[in-house]
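Chemist: Sharing a sequence plus its predicted fold:
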Amino acid sequence: MFETTYAPERASISTASVSYFPSLNGKLQAGFFDHTTYSLKFNEIDEIGVSIVSNELIDQKLKDSLVYNMRRYSKTLKDLEEM
Amino acid sequence: MRYFTDLEILTINKFILASKPRYSRVNYIQHNDRLQFLIEYANKKGSYFGLQRLSTIYHVAAAYLYFIIKDHIFYDACKRTAVTVMTTFLTNNQYKVKKKLSRIKLTELALKVEKNVYTLDQLARFLQEHAYKG
């Protein structure tokens, strides 16, 4: 796991692997360090809040299943959040 | 059967909360002992403190859903995490959830579990009716 230190004063939250920054268009971005290219990368968080980031805790197959289900049941998750 | 580890379930809870800036937590898990119980109960064969082992994949999926909600394992998003863990567990084991388990039904299911409407066995039977090996 790794923690980016890029512009920490702008980070709104951080987890063990990723930090979140507001982008120029006002949407939230996930910033993370790409170990293969040694560069900081950003992914705009999509409508269901899934940020595809490097995460050593889960394998690619589980990540694919997770993203599939979070997309498929995004409205259910939103309903439950609002209750 | 590919079971979940405690870290994987925690990661799913973090993913669900990741887009919400108001959730700026250091600790996500409220009851780690209950999470460990769930992992032990769901993932291992043989008897466990007098409880009958989970015999089918539907029972294991039901246990993830049931205990994450009932034991309030996380500080936030227990129902969302439970639903996501349950559906992801089935998908990850090549099972498909039928379309008739709609958004409304799944939301009601999580609320009914919270309100003790379902036992674990009834929940497993419900899932068996709504999922199949794909």
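Modeler: Structure's in. What do you need?
Chemist: Residue B:111 should be in a helix, yeah?
Modeler: Yes - if the criterion is DSSP: H, G, I helix; E, B strand; the rest coil, then residue B:111 is within a helix.
Chemist: Tell me the predicted confidence for residue A:72.
Modeler: Listed pLDDT for residue A:72 reads 88.
Chemist: I'd like the average pLDDT over the host helix or strand of residue B:87.
Modeler: Secondary structure assignment for residue B:87, by DSSP states H and E: helix B:78-92. The average pLDDT within helix B:78-92 is 95.
Chemist: Next: stretch B:112-121.
Modeler: 92.
Chemist: quick one: buried residues of the helix or strand just after the helix holding residue B:87?
Modeler: Later in the chain than helix B:78-92, the nearest helix or strand by DSSP H and E is strand B:95-97. The neighbour-count check on strand B:95-97 (16 or more other CB atoms under 10 Å in any protein chain shown) flags B:95, B:97 as buried. Quick note: C-beta positions are derived from backbone N, CA and C, even for glycine.
Chemist: Adjacent strands (with direction) for strand B:95-97?
Modeler: strand B:131-133 (antiparallel) (DSSP bridges).
Chemist: so how far is the partner strand off the chain centroid?
Modeler: 17 Å (CA atoms, centre = their mean, to the nearest Å).
Chemist: Pull the residues that contact that strand.
Modeler: The contact list for strand B:131-133, computed with CB atoms under 8 Å, 6 or more residues apart in numbering or on different chains, reads B:58, B:61, B:90, B:94-98, B:101.
Chemist: how about that strand: buried residues?
Modeler: So strand B:131-133, judged by 16+ other CB under 10 Å, has buried residues residue B:131.
Chemist: pretty sure residue B:67 contacts residue B:40?
Modeler: No - in this structure, residue B:67 is not within contact of residue B:40 by CB atoms under 8 Å, at 10.9 Å.
Chemist: More neighbours: these two, which one.
Modeler: Counted by other CB atoms under 10 Å in any protein chain shown, residue B:67 and residue B:40 do not tie: residue B:67 has more neighbours, with 22 against 12.
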